[in-house]
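[1] Below: sequence and its predicted model.
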Amino acid sequence: MMNPRAVRIPLLVAAISIVAGGCASKSATVSSAAVPTASPSAPNASVASAAAPNPDRRIGLKAGWWDAGQATWNMALVSTTPPSDNFVNKSDPGDQRVWNSDLAFTGNYVIQGNFAGYQVWDVANPKSPKLKTWYLCIGSQSDVSVVGHLLFESTEATNARVDCSPAGVTDTVSADRARGIRIYDITDIAHPKRLATVQTCRGSHTHTVLVDPKDKANVYVYVSGSAPVRSANELPGCFDTAPSDNPNTSRFRIEVIQVPLDHPEQARVVNRPAILADLAPSLGHGEMPADSAAQAERMKAMGINPATFRQAANTGPIQCHDITLYPAIGLGGGACRGYGVLLDISDPKNPHRVGVASDTNFVGWHSVTFNNDGSKILFTDEWGGGTSPRCRSTDKMEWGADAIFSLQNNQMTFHSYYKIPVAQLPVENCVAHNGSLIPVPGRDIMVQGWYQGGISVFDFTDPGKVKEIAYFDRGPMDANTMYVSGSWSAYWYNGLIYSSEITRGLDILELKPSAWLTQNELDAAKLVHLNELNVQDQPKLEWPAAFVVARAYLDQLARDQGLAADRIATVRDALGRAEHASGDARRTALTQLATQLDSDASSSSDQKRVRALASVVRELAKG
């Protein structure tokens, strides 16, 4: 999300966006008082069905801060926990200083970033989360990550202080200013200890931790900063110049921090790779006239000269917004405003660009998700910076959407877009934002936050035919005035979906079985258990050999008619009988079934899935 000064946005200027670059052809590829203590009422009960409700239940929802109407399809709200007292303005829902931001997970704890610091929730009982602790420390977005006993927090605000004092910083140059990464020891999670602040040239809008399996002594942090470059008088080595004037310019770069696990207080910047150097200016779609005028006014209010901004944008992308690293495949993806960038991260200190994609329908490349086998990559377009309505009936479906590419030999090939398939109101900020994979074996399913567009779950297994299969949404904060709110991020963690609601707190949701997602598939997904999760340090999802995994594959073959119905019935029966057998009888039955499935694969319309089923059955025979 961009970092606006204005926090309450009148309807007249609800469509403002900060355009930070564009793209080329869409198909081109290039190498608690006043706050409720219980979940708000849901005027619209949840629905589980094969066909999406028609008319769409997200249309016409009642507005309200704590009593907004709710609509769900194929999922249910488990709980809503309002922010704790230090992280909510009980009289002003538009107070940007207490917006909730991103999430990290460790054990039974959810760490929720906030523009004023962070909160830690104990979710051992997801129906009734409990506040474990909180930490006030102004930092702007305060994106959070956790690795073992260490917590990392982004800080970018110019008034953020090293000592976390709320007094702020007013001097142009100050040793008290904190712009970079704060590091905490959370060995005793109820009493976090601030260890260090690693200063960076542009602060940290977002960051990504990298746990390199080849380096057990260190953690690496990739820092994406979007604020202006600091004066060299404040932080030596920072230069806000064109490359032609100074090859060591701080533009076009990310910063890599090395954190020794035994001495995290010694963390330091070890590289500033220019991963965006030499990229041509990108081209993106223009704004609608009303949006363009509103954008100019907003920029002026923020002290930005629109003409100068446009000129800078024409130099090509000078920053990344978000980076997702996938160590299991040795690649990272950067959403770098005007481009989608592919990175080789085999040497953690020295990431380098190996591919780039562009798209004229994108203007604010924001975040990245790989599918589990690394054959696809999804980029989001945060058109409007997250503070504007971009899901109106007048907005194109290709704008402010997800773009899905196939990925092979570092080449990205565009396939299709995905955007929530229902218009939102001009008083609802809405655009593609943060999400994660749902670990259903054999399928690429993602849950994603869309701010006041709610939460959407969609299947992109076929990258050319993306389909929504579940959703949750609330009505707008106010029927007449746009307040920034909604789901900042929606992530799957150990069987449930956790959503950071910007103004309303922490939502926990559960998917329900449907024709699009069976109970077997959900049970198989719940077998994937993580001890911690930072979504942008993407983990490889792996499933144990289990009968429910085999049944999940069978359900998929039935849904897509990958095998004849009578053959699927026979295999189900054989699986059931083998599960109730033991010893040699079980082993023999499963081995024979695996061999038969190998034969079935040759005539199946879904050979890959039949072979995956055979592999699970064979592993079960070994057990």
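    Sure thing, it's come through.
[2] For the stretch 501-623 of the chain, just list every one of the helices.
    For the stretch 501-623 of the chain, helices defined by DSSP state H, counting those that start in this stretch occupy the ranges 519-525, 547-559, 565-580, 583-601, 607-622.
[3] Which one of those helices lies nearest to residue 156?
    Of all the helices of the stretch 501-623 of the chain, the one in closest proximity to residue 156, counting by C-beta to C-beta, is helix 519-525 (35.0 Å). From N, CA and C alone the C-beta is placed, and that goes for glycine too.
[4] buried sites along that closest one?
    If you call a residue buried by 16 or more other C-beta atoms under 10 Å, then helix 519-525 has these buried ones: 520, 521, 522, 523, 524, 525.
[5] what's the closest of those to residue 123?
    Of the buried residues of helix 519-525, the one sitting nearest to residue 123 (C-beta to C-beta) turns out to be residue 525, at 17.7 Å.
[6] Who are the contact partners of the closest one?
    With C-beta atoms under 8 Å, 6 or more residues apart in numbering as the criterion, the residues that contact residue 525 are 438, 439, 440, 441, 492, 495.
[7] Please pick the buried ones from those residues.
    Members of these classed as buried by 16+ other C-beta under 10 Å are 438, 439, 440, 441, 492, 495.
[8] Test my guess that residue 366 contacts residue 385.
    No. At 9.1 Å, residue 366 and residue 385 do not qualify as touching, with contact defined as C-beta atoms under 8 Å.
[9] does the spatially closest residue to residue 63 that is not a sequence neighbour count as helix, strand or coil?
    Leaving out its chain neighbours, the residue that sits closest to residue 63 by C-beta to C-beta, 6 or more residues apart in numbering is residue 479, at 4.1 Å. The three-state label given to residue 479 by DSSP: H, G, I helix; E, B strand; the rest coil is coil.
[10] Farthest-apart pair in the contacts of residue 525, please.
    Spatial extent of the contacts of residue 525 (C-beta to C-beta) is set by the pair 441 and 495 at 14.7 Å.
[11] returning to what we had before: can you lay out the contacts of residue 525 as JSON lines showing distance to residue 213 and pLDDT?
    Shown next, in JSON lines, are these (distance: C-beta to C-beta, whole Å; pLDDT from 0 to 100):
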{"residue": "438", "distance to residue 213": "24", "pLDDT": "98"}
{"residue": "439", "distance to residue 213": "20", "pLDDT": "98"}
{"residue": "440", "distance to residue 213": "25", "pLDDT": "98"}
{"residue": "441", "distance to residue 213": "23", "pLDDT": "98"}
{"residue": "492", "distance to residue 213": "23", "pLDDT": "98"}
{"residue": "495", "distance to residue 213": "26", "pLDDT": "98"}
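[12] Now do the same contact list for residue 565.
    residue 558.
[13] sorry, back to before: tell me which of the buried residues of helix 519-525 is nearest to residue 70?
    Distances from residue 70 to these, taken by C-beta to C-beta, are shortest for residue 522, at 21.5 Å.
[14] correct me, but the closest one touches residue 516?
    No. Counting by C-beta under 8 Å, residue 516 is not a contact partner of residue 522; they are 11.0 Å apart.
[15] my guess is residue 198 contacts residue 266, does it?
    No. The criterion here is C-beta under 8 Å, and residue 198 misses it with residue 266 at 10.0 Å.
[16] Neighbour count: those two, which is higher?
    Shown here are residue 198 and residue 266; by other C-beta atoms under 10 Å, residue 198 has more neighbours (22 against 12).
[17] Next up, identify which helix or strand the more buried one is on.
    strand 193-199 (DSSP states H and E).
[18] Show me which positions of that strand end up buried.
    Neighbour-count burial for strand 193-199 [16+ other C-beta under 10 Å]: 194, 195, 196, 197, 198, 199.
[19] tell me the domain boundaries of the chain?
    Following the assignment in automatic domain parsing, the chain carries domains at 8-31+35-136+273-533, 137-272, 547-622.
[20] Could you export those domains as a markdown table, including distance to residue 541?
    Below are those laid out as a markdown table (distance: least, C-beta to C-beta, whole Å):
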| stretch | distance to residue 541 |
| --- | --- |
| domain 8-31+35-136+273-533 | 4 |
| domain 137-272 | 16 |
| domain 547-622 | 12 |
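[21] quick one, phi/psi of residue 206?
    phi -140, psi 170 (degrees, to the nearest 10).
[22] Please name the spatially closest residue to the most centrally placed residue in the chain (chain neighbours excluded).
    Centre of the chain computed as the mean C-alpha position; nearest residue by C-alpha atoms, centre = their mean is residue 434, 2.6 Å away. Counting by C-beta to C-beta, 6+ apart, residue 489 is the residue found nearest to residue 434 once chain neighbours are left out, at 3.5 Å.
[23] likewise residue 402?
    Nearest to residue 402 is residue 418, by C-beta to C-beta, 6+ apart, at 4.4 Å.
[24] now residue 614
    That would be residue 597: by C-beta to C-beta, 6+ apart, it lies 3.8 Å from residue 614.
[25] how deep is residue 59 tucked in, by neighbour count?
    For residue 59, the count of nearby residues is 12 (other C-beta under 10 Å).
[26] and what of residue 86?
    Residue 86 has 14 nearby residues by other C-beta under 10 Å.
[27] That one: what secondary structure?
    Taking three-state DSSP, the label given to residue 86 is helix.
[28] OK, contacts around residue 60?
    By C-beta under 8 Å, 6+ apart, the contact list for residue 60 reads residue 69.
[29] in which helix or strand would I find residue 356?
    Element membership for residue 356, per DSSP H and E: strand 352-357.
[30] Name the residues of that strand that are buried.
    Across strand 352-357, burial judged by 16+ other C-beta under 10 Å covers 353, 354, 355, 356, 357.
[31] Show me which of those residues is closest to residue 165.
    The closest of these to residue 165 turns out to be residue 353 (C-beta to C-beta; 39.6 Å).
[32] Wait, the residue nearest to residue 63 touches residue 427, no?
    Yes. Applying C-beta under 8 Å, one finds residue 479 in contact with residue 427, separated by 6.8 Å.
[33] more crowded one of those two?
    Neighbours per residue (other C-beta under 10 Å) separate residue 479 from residue 427, with residue 427 holding more: 21 against 12.
[34] Pull the contacting residues for that one.
    11, 14, 63, 389, 476, 477, 478, 479, 480, 481, 482.
[35] now swap in residue 528 and tell me
    Listed by C-beta under 8 Å, 6+ apart, the contact set of residue 528 reads 439, 494, 541, 542, 543.
[36] Just give me the least confident of the contacts of residue 427.
    pLDDT across these is lowest for residue 14, at 26.
[37] mind listing what the residue lying closest to residue 383 once chain neighbours are set aside touches?
    Excluding its sequence neighbours, the residue lying closest to residue 383 (C-beta to C-beta, 6+ apart) is residue 400, at 3.9 Å. By C-beta under 8 Å, 6+ apart, residue 400 lies in contact with 381, 382, 383, 384, 390, 391, 419, 430, 431, 432.
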